[in-house]
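1. for reference, the sequence and a predicted model appear below.
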There are 2 protein chains.
Amino acid sequence: MGEQSALDHDEAPFWRSLMRITTALPRALEDQFLPETGLAMTDYGVLVALSEAPDRLLRISALAAATGLSLSRISRVVDDLARRGLVEKRKCADDGRASNAVLTDAGLARLEAAYPTHLARARAAVFDHLSAEDIRTAGPVLARLAAALDADPLSEDCEGAR
Amino acid sequence: MGEQSALDHDEAPFWRSLMRITTALPRALEDQFLPETGLAMTDYGVLVALSEAPDRLLRISALAAATGLSLSRISRVVDDLARRGLVEKRKCADDGRASNAVLTDAGLARLEAAYPTHLARARAAVFDHLSAEDIRTAGPVLARLAAALDADPLSEDCEGAR
DNA sequence: TTTCACTGGTTGCGCAAGCAAGCTTTCGCT
DNA sequence: AGCGAAAGCTTGCTTGCGCAACCAGTGAAA
């Protein structure tokens, strides 16, 4: 790693803002979300990922990739959600090592019940402060950044586990 | 909290991207930063805040505000940095309750030593994937968002503690 | 068919972080 | 003065999370 030029006039505030957002946003969301819905944001993310999957079913490892959590964390979160009846964990028939997590009806209901709160928090924390123009111009940039971050650690193509 | 309209066509991906960035970016940074510099990102943030303060000195509570960490966390982080000699903690003369943290010369040196790594990581994680145009257009939006998040929990105006 | 490397997931452990309760000092009111 | 409320940390405890070590099942090669 050689010498690099310092952040320039546009980059420095961009960076600052990013740092602030990454620390402040999660807290702002979590703080009222959990008490109001009984779900941690992590739980919610898992339920969303499952709800979007074919048959509402995903491999544990696919869930980890989809949510961006570590395998160990997902393992415990899924166990917990299973104990709460929001998810069912079934051993994969054609591969004895693997497990699938399936969103139960109760889980789907819970997810739908939480959605309005999620929406309200998203608006209060973010969209209420930005114009439609803001969203339109910054959106693609953030999308590119998110994609780059996703690709960086593991450049794998996950085919849906049915 | 009444009914709210769902996220629209621009908002949904914007939101997704934000969620991804807030989880993936911190890890992408931390992972190599700590081993390379011996500083956690949190430590680095504290040192930066102090280095920018007049006399390289800040109240503990001002540090908490500047870094966005809780008071309890800052308390322990500063203790730790003090034990490592990067910061000095002195009781405030004109208010027996308060303490100030001062950046030591060793702390400043350490900060400067870490800067190139910080820069390299910032470029690798973010700026290498975005154009100058991207930064210019998205920057102000992120700045506005960051400001809103800052203001939301505590709408206080902190005057510098000397 | 036996073995060995690999893959998918789980568990033990440690660390960062926050909340709530505590302690000391200060300040406002009387 | 003197007392109650509030400010400014600090400390005990809980939680979320990842890493590393582990275990079980698979599959390729001998």
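-> That came in fine, so what should we check first?
2. can we go C-alpha only for contacts and neighbour counts from here?
-> Fine.
3. between helix B:11-37 and the longest helix belonging to chain A, find me the angle.
-> In chain A, taking DSSP state H as the definition, the longest helix is helix A:11-37. Orientation check (axes from the mean of the first three to the mean of the last three C-alpha atoms, to 10 degrees): helix A:11-37 against helix B:11-37 gives 110 degrees.
4. right, and the helix or strand after helix A:11-37?
-> Using DSSP states H and E, the helix or strand that follows helix A:11-37 in sequence is helix A:41-52.
5. just checking: what are the partner strands of the helix or strand just after that following helix?
-> With elements assigned by DSSP H and E, the helix or strand that comes after helix A:41-52 is strand A:57-59. Note on strand A:57-59: by DSSP bridges, its sheet partners are strand A:99-103 (antiparallel).
6. buried residues in whichever helix or strand comes after the partner strand?
-> Using DSSP H and E, the helix or strand that follows strand A:99-103 in sequence is helix A:105-125. Buried positions in helix A:105-125, judged by neighbour count with 16 or more other C-alpha atoms under 10 Å in any protein chain shown: A:107-108, A:110-111, A:114-125.
7. what angle sits between helix A:105-125 and helix A:41-52?
-> 120 degrees.
8. how about low-confidence regions in chain A?
-> A:1-3, A:152-162 (pLDDT under 70).
9. chain center to stretch A:30-45: distance?
-> The chain centre lies 12 Å from the centre of stretch A:30-45; the measure is C-alpha atoms, centre = their mean, to the nearest Å.
10. which of the residues in it are buried?
-> A:30, A:33-34, A:37, A:39-41, A:43-45.
11. apart from its neighbours in sequence, what residue is nearest residue A:26?
-> Of all residues not flanking residue A:26 in the chain, residue B:22 sits nearest, at 7.2 Å (C-alpha to C-alpha, 6 or more residues apart in numbering or on different chains).
12. so the one you found makes contact with residue A:17?
-> No. At 11.7 Å, residue B:22 and residue A:17 do not qualify as touching, with contact defined as C-alpha atoms under 8 Å.
13. need the residues of chain A near DNA strand D, please.
-> Contact residues, chain A versus DNA strand D (C-alpha under 7 Å from any atom of the strand): A:40, A:42, A:68-74, A:94-97.
14. among these, which ones are in helices?
-> The members of those that map onto helices under DSSP H are A:42, A:71-74.
15. burial of the closest residue in space to residue A:140 that isn't next to it in sequence, as a residue count?
-> Once flanking residues are discounted, residue A:140 sits nearest to residue B:14: 7.8 Å by C-alpha to C-alpha, 6+ apart. Look at residue B:14: counted by other C-alpha atoms under 10 Å in any protein chain shown, it has 22 neighbours.
16. show the contacting residues for residue B:14.
-> A:135, A:138-140, A:142-143 (C-alpha atoms under 8 Å, 6 or more residues apart in numbering or on different chains).
17. let's see that with 7 Å instead.
-> A:135, A:139, A:142-143 (C-alpha atoms under 7 Å, 6 or more residues apart in numbering or on different chains).
18. weed out the non-buried ones from these.
-> Applying 16+ other C-alpha under 10 Å to the contacts of residue B:14 flags A:135, A:139, A:142-143 as buried.
19. which of those sits closest to DNA strand C?
-> Within the buried ones among the contacts of residue B:14, the smallest distance to DNA strand C is 23.2 Å, found for residue A:142 (C-alpha to the nearest atom of the strand).
20. which residue, other than its chain neighbours, is closest to that closest one?
-> Using C-alpha to C-alpha, 6+ apart, the nearest residue to residue A:142 is residue B:17, at 5.8 Å.
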